[in-house]
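Peer 1: Coordinates only, no sequence provided:
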């Protein structure tokens, strides 16, 4: 064979190998891996990580003020959900992470986002700042299978009364040393909402999931199995 022919064969083999490698990187992602995309909701462009089992129960993960959707990947929460057979969507709220800033109505935004994502009634994971989105949504009857309230801001007696009327299944997670949203708010939630459960991470501060990610992830997976999804 001529050197030109051999050279062409080598180039073809090299390109084929590159394509196979790319296919593996794109397709063989495993149960917990996520694919990025952007959705339009409430006048905002929202970056999301989506993955897990498409036919599995829906879980929507929000985040606190110092965090983003990537936090849930770093802590192994997305992998845990995917392994458990759930379909997860972790979002960057407007002005955080990869989502550009936008003026949105906190009273209705989460409902619009859930609709834009095509989720029927997800289990909502709401830590800290994201309570300003999740709690109004819960009060106004946005479809949710349940709420994992991780020391969310805005949790007052009016919200607790609304959760009682909705008969929404609630798991509350708090750090015993939380100085941002005191543990007393979690205790009020547990005592005020029938069936609500409070789990306290002893010695942990406001972002309690950072102290024991494995325990937190197990609680989230259990919450998926506990609600009627």
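Peer 2: Now that the structure is in, tell me what you want to look at. Just so we're clear, the structure is a prediction, and the values are computed from it rather than from any experiment.
Peer 1: got the phi/psi numbers for the residue sitting nearest the centre point of the chain?
Peer 2: Residue closest to the average C-alpha location in the chain (CA atoms, centre = their mean): residue 61, at 1.3 Å. Note on residue 61: its backbone torsions stand at phi -110, psi 120 [degrees, to the nearest 10].
Peer 1: Return the residues in contact with it.
Peer 2: By CB atoms under 8 Å, 6 or more residues apart in numbering, residue 61 lies in contact with 69, 72, 77, 78, 88, 89, 90, 91, 125. From N, CA and C alone the C-beta is placed, and that goes for glycine too.
Peer 1: which two in the residues you listed are spaced the farthest apart?
Peer 2: Maximum pairwise distance among the contacts of residue 61 (CB to CB): 13.3 Å, between 77 and 91.
Peer 1: where along this protein do the strands fall?
Peer 2: Ranges of strands within the chain are 34-41, 44-52, 58-61, 87-91, 123-127, 146-150, 170-175, 197-201, based on DSSP state E.
Peer 1: export the ones you listed to JSON lines and tack on mean pLDDT and distance to residue 115?
Peer 2: Shown next, in JSON lines, are those (pLDDT from 0 to 100; distance: least, CB to CB, whole Å):
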{"stretch": "strand 34-41", "mean pLDDT": "84", "distance to residue 115": "8"}
{"stretch": "strand 44-52", "mean pLDDT": "96", "distance to residue 115": "12"}
{"stretch": "strand 58-61", "mean pLDDT": "98", "distance to residue 115": "12"}
{"stretch": "strand 87-91", "mean pLDDT": "97", "distance to residue 115": "13"}
{"stretch": "strand 123-127", "mean pLDDT": "98", "distance to residue 115": "14"}
{"stretch": "strand 146-150", "mean pLDDT": "97", "distance to residue 115": "18"}
{"stretch": "strand 170-175", "mean pLDDT": "98", "distance to residue 115": "22"}
{"stretch": "strand 197-201", "mean pLDDT": "98", "distance to residue 115": "29"}
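Peer 1: Against residue 132, how distant is the closest residue to residue 226 other than its chain neighbours?
Peer 2: With CB to CB, 6 or more residues apart in numbering as the criterion, residue 226 has its nearest non-adjacent residue at 6.8 Å, and that residue is residue 169. Note on residue 169: its distance to residue 132, by CB to CB, to the nearest Å, is 21 Å.
Peer 1: ok, back up a step: residue 159 is nearest to which of the strands of the chain?
Peer 2: The minimum distance between residue 159 and the strands of the chain falls on strand 146-150, with 9.7 Å, by CB to CB.
Peer 1: Tell me the neighbouring strands of that closest one, and mark each as parallel or antiparallel.
Peer 2: Next to strand 146-150 in the sheet, as set by DSSP bridges, lie strand 123-127 (parallel), strand 170-175 (parallel).
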